[in-house]
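**Student:** Sequence first, predicted model second:
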Amino acid sequence: MTVSTRSAPRFAGQQPPHVRRRSRLRTLLVALVLVALGVLGGWVLLGSSLLGVSGVAVEGTSRVPPGQVLDVAAIKSGTPLARLDTAAVAARVAALPAVRTVDVRRSWPRAVSIVVRERVPAAVRVHGTGFVLVDRSGVAFAEVARRPKDLPLVTAPIGAGAPALRSGLDVLGSVPASVRGQVRTVFAASTEDVRLSLTKGRTVLWGTTERGARKGAVLAVLLSRKATVYDVSAPDAPTTRK
């Protein structure tokens, strides 16, 4: 016996009207429920305080008081977490001088964490009647009344400008760790003439920032000799003077 499949659409179209109406009604109801759920979900996420900020945690600070970070972040309690502009919060916190980088993270369902990485002092500069801490890139970020004993003083003539100061900090970064604790002052007369004052009245003529790693290695060896002046400006032909 042969059964024709062409009759299936015809039979389907012969469903009673009330059955077809019921099917369309079910479809409409399902669509309405889905729309309502979407609207409700959007309201919960974006328009209500059900998933609003209830707590903000600050991590990674030692110099900057956490309360200052919270004040600058200016995150209002109850702000829907999904609507929180984390980039704007990060920009406000990053404006604090001692902050190097900041990461603002949502912590569902109702918390925010602000992870701060502070600037690390590399040296100090004279500032008025006191001093100011500067990091490796030369950014001044905190005033102190007294010079910390473990940080060298970096100086440059006013006329030499910021480039000379950065050169001095670059040189300081090239000094081996075994020698860095002996550095008391970094003087950058210009970008071409950087000098170090060490403990025991010793002076290092460093020159430019070029070949910094080589100069640092040579200096570490030269310091085994008793002298008052160590010249590593030409690291392939270093000299010492008593």
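**Tutor:** Noted; the coordinates are in hand.

**Student:** Are we agreed that V221 is in a helix?
**Tutor:** Yes - applying DSSP: H, G, I helix; E, B strand; the rest coil, one finds V221 inside a helix.

**Student:** how much space between it and L165?
**Tutor:** Taking Cβ to Cβ, to the nearest Å as the measure, V221 and L165 are separated by 28 Å. No exception for glycine: its C-beta is placed from N, CA and C like everyone else's.

**Student:** same thing with R214?
**Tutor:** The value you get for R214 to L165, if Cβ to Cβ is used, is 23 Å.

**Student:** who's more crowded, the two?
**Tutor:** Under the neighbour definition other Cβ atoms under 10 Å, R214 and L165 were set side by side, and L165 has more, 21 against 13.

**Student:** What residues does that one make contact with?
**Tutor:** R125, G138, V154, A156, A188 (Cβ atoms under 8 Å, 6 or more residues apart in numbering).

**Student:** Need those in CSV (columns: distance to V232 and neighbour count).
**Tutor:** Below are these laid out as CSV (distance: Cβ to Cβ, whole Å; neighbours: other Cβ atoms under 10 Å):
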residue, distance to V232, neighbour count
R125, 24, 17
G138, 23, 18
V154, 18, 26
A156, 20, 23
A188, 15, 26
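
**Student:** and the residue most central in space within the chain, bridged to which residues?
**Tutor:** Residue closest to the mean C-alpha point of the chain, counted by Cα atoms, centre = their mean, is T101 at 1.6 Å. Beta-bridge partners for T101, by DSSP bridges, are R117.

**Student:** Give me the distance between it and G159.
**Tutor:** 33 Å.

**Student:** would you list every one of the helices in this structure?
**Tutor:** For the chain, the helices defined by DSSP state H cover 7-12, 17-42, 66-73, 86-94, 161-174, 177-180, 212-222.

**Student:** Which one of these has the poorest average confidence?
**Tutor:** Lowest mean pLDDT within the helices of the chain: helix 7-12, a mean of 49.

**Student:** Any idea how many residues pack against K200?
**Tutor:** Based on other Cβ under 10 Å, the number of other residues close to K200 is 8.

**Student:** any residues touching stretch 152-163, and which ones?
**Tutor:** 123-126, 131, 134, 138, 147, 164-165, 168-169, 172, 183-191.

**Student:** wait, what's in contact with A217?
**Tutor:** Counting by Cβ under 8 Å, 6+ apart, A217 has contacts P176.

**Student:** And it, how far from W206?
**Tutor:** 13 Å.

**Student:** G173 too?
**Tutor:** On the measure of Cβ to Cβ, G173 and W206 end up 12 Å apart.

**Student:** again, but for V124
**Tutor:** With Cβ to Cβ as the criterion, V124 and W206 are 19 Å apart.

**Student:** neighbour-wise, which of these two wins?
**Tutor:** W206 (28 against 22).

**Student:** give me the beta-bridge partners of the residue nearest to that one when sequence neighbours are not counted?
**Tutor:** Spatial nearest neighbour of W206, chain neighbours left out: V194 (4.6 Å); criterion: Cβ to Cβ, 6 or more residues apart in numbering. On the basis of DSSP bridges, V194 is bridged to A188, G207.

**Student:** hang on, V194 packs against G168?
**Tutor:** Yes - V194 is in contact with G168 according to Cβ atoms under 8 Å; the separation is 5.5 Å.

**Student:** hey, what's in contact with both of these two?
**Tutor:** V186, F187, A188.

**Student:** I'd like these laid out as CSV, including distance to V53.
**Tutor:** As requested, the shared contacts of V194 and G168 are exported to CSV (distance: Cβ to Cβ, whole Å):
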residue, distance to V53
V186, 46
F187, 50
A188, 47
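
**Student:** residues in contact with the nearest residue to K226 once chain neighbours are set aside?
**Tutor:** For K226, ignoring the flanking residues on the chain, the nearest one in space by Cβ to Cβ, 6+ apart is K242 at 7.3 Å. Listed by Cβ under 8 Å, 6+ apart, the contact partners of K242 are K226, A227, T228.
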